[in-house]
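*Asks:* here's my sequence, what's the structure:
(one chain, ligands or ions: 1)
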Amino acid sequence: MKQIISVTALVVFTTVGITAGWRRFATAAVPAGAEQVVRMTAKRFEYTPSEITLKKGVPVILEITAIDRDHGFKIPELGIRADLKSGQVTRVRIVPDRTGTFEFRCDVFCGSGHEDMSGEIVVVD
Ligand SMILES: [Cu+2]
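*Replies:* As a prediction, the model looks like this:
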């Protein structure tokens, strides 16, 4: 009887230990709510990087810092637009739902050259 109890205890503790260990591992690998962050800058008349590759269906946060003045960030085809305030970081969440190449551009007039302030998001499978 004593032996059965200690075997049971061993099985229980081993199971709990593996479960706890696995949970810790899983949490470390993919923290809850974690999303890939892509840092960008916006300044007269360019975004850096100007080309970003994303995976279809994978949520991403763009953290865009407007360095020199106010700018805009617009991706008409994905229905996304944001104001980028000078000196601030603006977070834009994107969940690309289809593959393709989508242009983003500045839609807040920022001077002569504003019309060339654009870039591309490439969404792949
Ligand atoms: Cu502009």
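*Asks:* pretty sure residue 63 contacts residue 41?
*Replies:* No - at 9.7 Å, residue 63 does not count as touching residue 41 under the criterion of Cβ atoms under 8 Å. To be clear about C-beta, it is placed using only N, CA and C from the backbone, and glycine gets the same treatment.
*Asks:* so for the two, which residue has more residues nearby?
*Replies:* Neighbours around residue 63 and residue 41, counted as other Cβ atoms under 10 Å, are more numerous at residue 41. The numbers are 17 against 13.
*Asks:* wait, does the helix or strand hosting the more buried one contact the ion?
*Replies:* Mapping residue 41 onto the secondary structure by DSSP states H and E places it in strand 36-43. No - Strand 36-43 lies apart from the ion when judged by Cβ under 5 Å from the ion; the minimum separation is 8.4 Å.
*Asks:* helix or strand right after that strand?
*Replies:* Where DSSP H and E defines the elements, the next helix or strand beyond strand 36-43 is strand 46-48.
*Asks:* tell me how many other residues crowd residue 124.
*Replies:* Each residue near residue 124 was counted by other Cβ under 10 Å, and the total is 11.
*Asks:* tell me the contacts of it?
*Replies:* When contacts are counted by Cβ atoms under 8 Å, 6 or more residues apart in numbering, residue 124 touches 53-56, 99.
*Asks:* relative to residue 52, how far out is it?
*Replies:* As judged by Cβ to Cβ, to the nearest Å, residue 124 and residue 52 stand 11 Å apart.
*Asks:* contact residues of the chain facing the ion?
*Replies:* Near the ion, when you scan the chain using Cβ under 5 Å from the ion, you find 106, 110, 114, 117.
*Asks:* got these as TSV, with pLDDT, secondary structure and neighbour count columns?
*Replies:* Conversion of the residues of the chain next to the ion to TSV gives the following (pLDDT from 0 to 100; DSSP: H, G, I helix; E, B strand; the rest coil; neighbours: other Cβ atoms under 10 Å):
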residue	pLDDT	secondary structure	neighbour count
106	98	coil	25
110	98	coil	21
114	97	helix	17
117	98	coil	24
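*Asks:* out of those residues, who's nearest residue 90?
*Replies:* residue 106 (12.6 Å; Cβ to Cβ).
*Asks:* list the contacts of that closest one.
*Replies:* Shown in contact with residue 106 (Cβ under 8 Å, 6+ apart): 42, 45, 47, 71-74, 114, 117-118.
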